[in-house]
Structure formats: structure tokens, C-alpha cells
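Visitor: I would like the atomic coordinates for the input below:
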Amino acid sequence: MPETFATAVEKFLNSKKISVRLRTYDQYKYLAQQVLKGAVIAGIDQAVLDEVTLEKLQSVVAILDDPIHFPALGETTVKKLVKFIKASFTWCNRPKWIMSDPGLDLHFRRVHVKETQPFQTDEVIALLSVRPSTPAEIRDLAMWFAFTDTGLRCQELCQLNISDLSGNELVIRSGKGGKRRSVSLGEAATHMLHEYLNTYRPSGEDYLFLTDEGQGMKPRHVAKRLELWAKKAAVKNVAPHRFRATFATQFVLKEGNDLIKLQALLGHSTLDMSRRYVKLAMEEEARLTNSVRSVVDQLFSVERVKPAEHTVTQVGLVPTPPQNNMASVGFIPNSQDMAVWLSMFQMFAGMMNAFIQSQTGVVQNTTLPFGDPGNPMAFPFSNLLARK
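Guide: Predicted coordinates:
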């Protein structure tokens with residue numbers, strides 16, 4: 001009996017049950033359920049595989065992307081569903097259930113995934129400086145210290161057991177993809193974890209971090225506690241994963257662009273994700289550098305000279321507002337500059353005075369004030385030229 005679209009998807013899902021971890025299988029199961037719902041609406045769920053064309057698969061994707069049919073699916077999830085469909089047909093091609101693979105040319109629009117931004121330095125300090133007042137808040141603060149010092153994923157932190165903490169070392173026995181790694185804590189984080197463990201941790205399961213009822217913390221519990229904590233610290237837009245981004249960027253800023261070490265510490269399977277954190281670190285470094293090396297500040301960083309004790313008063317002129325003069329923006333000329341400028345002005349004034357005296361019909365006693373040694377800095381045209 002030829003395989004149908006629905007049976008092929010079910011068999012592909014069953015093949016994953018023995019090849020992936022349980023948590024990953026649950027994700028595959030969810031994707032399979034959504035794809036089959038879309039196939040039922042499109043009317044191809046019972047279609048024979050060889051009759052499923054690219055156009056029919058595109059109709060399924062269009063339905064999955066339609067908020068009328070699937071209002072809870074975002075663009076990122078729809079993109080995962082497209083990948084699931086393509087993977088299903090690639091798998092079906094191995095036992096030659098299909099003559100050709102219609103999923104090869106199945107594509108979905110590029111989805112812009114917003115990268116998790118690290119906490120700013122003042123935000124981390126604010127979060128770690130809130131004084132706990134209950135045993136639950138002692139646990140919370142210990143979690144924030146562990147996040148900041150190790151860059152753990154939220155799921156990894158929740159899966160930690162008491163035996164995974166030894167001195168200042170934490171062992172992640174089942175990281176993403178089943179990978180095992182070790183990370184070290186600083187003095188402050190080590191002290192916080194041991195204080196919580198020895199004094200404030202309630203009795204219950206073997207997990208390191210427990211709820212008040214003695215059960216292991218779940219990622220949703222951690223996220224909720226962080227939101228409540230952030231209100232006290234006056235920090236906005238918090239998420240547990242921002243601690244991981246903070247750890248990664250701080251590592252790059254302090255230790256340099258060592259992707260291999262960063263990959264080992266964060267438990268990445270490839271260097272691609274590590275490169276993303278390096279990019280974030282470079283952006284942070286550029287931001288900090290720009291604040292220190294401001295272009296405007298550099299332009300106005302000329303040598304400042306104290307004003308002379310004797311202030312020259314400009315008679316008959318409207319005073320210039322302080323914010324409009326050169327001194328207010330840092331352009332204070334030194335004594336050598338003043339001497340050069342004054343000599344140039346005096347030379348120009350002499351030439352202009354000679355020219356004025358030679359003209360007929362001009363009041364002969366009118367001279368430019370530059371020639372007046374008692375008022376060398378007066379505005380050159382403070383006295384209007386009167387003509388007969």
C-alpha cells in the first residue's frame with residue numbers, strides 16, 4: 001500500500017523517537033501535529049506521496065502561516081515547520097517511497113530573529129545588589145550569581161543536582177545535545193551558592209535549586225522570579241538568557257576572541273553561535289569606545305587657557321551671550337594666538353583707515369577703532385561711516 005502524507009509524517013516522527021533525546025522528541029511531536037493539521041485543511045493528508053507536489057506543500061505552508069487558521073504560530077515556528085516538512089520528505093526518499101523530492105524547493109521567507117542583548121554593566125550590578133529578605137530570595141540571588149558567572153542556559157541551571165556543585169566547580173551533566181562540561185565560579189558566586197545550600201535550601205528533591213514546596217525549579221519559575229526581582233532593581237526587559245549573553249560578551253571583552261574556549265564554556269555544538277556572541281561583544285566594545293572617544297569631545301579637546309585677569313570691556317556694543325562665544329565651547333586662544341590675531345587686525349585697520357582718509361565726502365575724523373590702543377578688541381564697525 002503506498003504511503004500517504006499522514007503516514008509518512010508519522011513514520012518519520014517514530015524514527016526520531018529512538019535517535020533524539022526525549023525533550024527534542026517532544027518538539028518534533030509538536031511540529032508533526034501542526035503539519036498534519038495544516039495538511040488536513042489543505043486536503044492532502046491522505047494523498048499518496050507521489051501525488052504531493054511542491055504547489056501542494058506550499059499551500060500547506062500558506063495555511064500554517066495564516067493567523068486565521070493558526071493564530072498562535074509565529075514566523076519562527078512556521079520556519080521550523082517548513083524545515084520539518086523538508087526533513088520528512090528527505091527521509092522518505094531514502095526507502096524510495098517517492099520518485100522525486102518536492103520539498104527540495106520548498107522555502108519560507110527569511111525571518112529576522114532578534115538576538116538576545118546582554119545586560120549593561122549597571123543593570124547587572126543593580127540585579128546583584130538587591131538585598132534578599134526571604135529564603136526564596138536568597139535562592140533567587142544565588143541563581144543570578146550562577147547565571148552571571150557561568151553563562152548557563154536556564155534549562156541547565158534547573159537540572160543541576162546538589163552533587164554537581166563541588167567547591168567552586170559546577171558540572172553540567174546533561175547540557176544541550178547531551179554534552180557534559182564543567183564551569184567555575186568566582187568567590188562571590190561560590191559563597192552565595194554554598195550559603196543557600198547550607199542554610200536556606202528547603203528539603204526535597206536532589207535538584208540544587210528548589211521551590212518552596214521542595215520541587216525542582218522549572219524555567220518558567222525562574223523567568224517569573226526574575227521579573228519580580230527586576231522590579232526591585234528597576235531593570236526592564238529581563239530574561240534569563242540575557243545573563244548568558246552577558247557572560248559571553250564579557251568573556252570576549254576580557255579574554256579576547258577565543259572561539260574555542262567560548263564554545264567549550266557555553267556548550268555550543270558549533271562555532272556559529274559563539275560567533276554571534278563575539279559580534280555582540282564587538283558591538284558593546286564599539287559602544288563603550290565611542291562614549292570614551294566621542295568625536296565631538298575630541299574636536300573640542302583643545303588646550304584650555306585661563307582668562308586674563310584684566311577684562312576688556314567693549315563699549316557701545318550689545319554683550320554677546322555666553323553660550324555664543326568661543327570660550328563656552330572650549331576654543332580659548334592662547335597668548336601667542338592673540339598676539340598674531342591682534343597684529344593682523346591692526347595691519348588691516350591701518351590699511352582701511354588710510355583708504356577712508358583718501359576718499360572725498362567722508363567724515364575725516366572717522367577711523368576704525370582697531371587703531372585705538374585703548375580699545376584694541378572693539379568691533380571694527382561699531383561707528384557707522386557718515387557721508388555728506
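Visitor: Where does the prediction get shaky in the stretch 1-150 of the chain?
Guide: Scanning the stretch 1-150 of the chain for pLDDT under 70 picks out 1, 113.
Visitor: Buried ones in the strand or helix carrying Thr24, by neighbour count?
Guide: Using DSSP states H and E, Thr24 falls within helix 22-42. Judged by neighbour count using 16 or more other Cβ atoms under 10 Å, the buried positions of helix 22-42 are Tyr25, Tyr28, Leu31, Ala32, Gln34, Val35, Leu36, Lys37, Gly38, Ala39, Ile41, Ala42. The way it works is simple: take the backbone N, C-alpha and C, and place the C-beta from them, glycine included.
Visitor: elements contacting it?
Guide: Here helix 22-42 touches helix 5-17, helix 54-64, helix 75-93, going by 3 or more Cβ pairs under 8 Å, 6 or more residues apart in numbering; DSSP states H and E.
Visitor: returning to what we had before: adding distance to Ser133, write the buried residues of helix 22-42 out as TSV.
Guide: As requested, the buried residues of helix 22-42 are exported to TSV (distance: Cβ to Cβ, whole Å):
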residue	distance to Ser133
Tyr25	42
Tyr28	44
Leu31	44
Ala32	47
Gln34	45
Val35	49
Leu36	51
Lys37	48
Gly38	50
Ala39	54
Ile41	53
Ala42	56
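Visitor: Just the CA trace of stretch 112-122, in PDB.
Guide: Extracted in PDB, the C-alpha atoms of stretch 112-122 (Å, rounded to 0.1, in the frame of the first residue of the first chain):
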ATOM      1  CA  HIS A 112      14.700  38.200  11.300                       C
ATOM      2  CA  VAL A 113      15.500  36.700  14.700                       C
ATOM      3  CA  LYS A 114      16.200  39.400  17.300                       C
ATOM      4  CA  GLU A 115      19.400  38.500  19.100                       C
ATOM      5  CA  THR A 116      19.300  38.400  22.900                       C
ATOM      6  CA  GLN A 117      21.000  41.500  24.100                       C
ATOM      7  CA  PRO A 118      23.400  41.400  27.200                       C
ATOM      8  CA  PHE A 119      22.700  43.300  30.300                       C
ATOM      9  CA  GLN A 120      24.500  46.600  30.700                       C
ATOM     10  CA  THR A 121      27.000  46.800  33.500                       C
ATOM     11  CA  ASP A 122      24.800  49.000  35.600                       C
END
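Visitor: If you count neighbours, what's buried in that stretch?
Guide: Those would be Thr116, Gln117, Pro118, Phe119, for stretch 112-122 by 16+ other Cβ under 10 Å.
Visitor: Show me how this structure divides into domains.
Guide: 5-93, 121-292, 314-388 (automatic domain parsing).
Visitor: any idea which helix or strand carries Phe243?
Guide: helix 240-255.
Visitor: Quick check: mean pLDDT of that helix?
Guide: Averaging pLDDT along helix 240-255 gives 83.
Visitor: and it, which residues are buried?
Guide: 240-252.
Visitor: What of stretch 127-142?
Guide: Residues of stretch 127-142 classed as buried by neighbour count (16+ other Cβ under 10 Å): Leu127, Val130, Pro132, Ala136, Glu137, Ile138, Arg139, Asp140, Leu141, Ala142.
Visitor: In contact with Ala146, which residues?
Guide: Leu152, Leu157, Leu170, Leu185, Ala189, Met192, Leu193 (Cβ atoms under 8 Å, 6 or more residues apart in numbering).
Visitor: Isn't the fourth one up against Thr150?
Guide: By that I understand Leu185. Yes: Leu185 is within contact range of Thr150, at 6.7 Å (criterion: Cβ atoms under 8 Å).
Visitor: shared neighbours of these two, anything?
Guide: By Cβ under 8 Å, 6+ apart, the residues touching both Leu185 and Thr150 are Leu170.
Visitor: per-residue confidence averaged over the helix or strand Arg220 falls within?
Guide: Here Arg220 sits within helix 219-233, counting by DSSP H and E. What helix 219-233 shows for mean pLDDT is 95.
Visitor: how much space between the residue nearest to Ala87 when sequence neighbours are not counted and Gly38?
Guide: Once flanking residues are discounted, Ala87 sits nearest to Phe12: 7.3 Å by Cβ to Cβ, 6 or more residues apart in numbering. Separation of Phe12 from Gly38 (Cβ to Cβ, to the nearest Å): 15 Å.
Visitor: ok so, going back, ok, Leu185 and Thr150, which is more surrounded?
Guide: When Leu185 and Thr150 are compared for neighbours, Thr150 comes out ahead with 24 against 21, by other Cβ atoms under 10 Å.
Visitor: That concludes my questions; thank you for your assistance.
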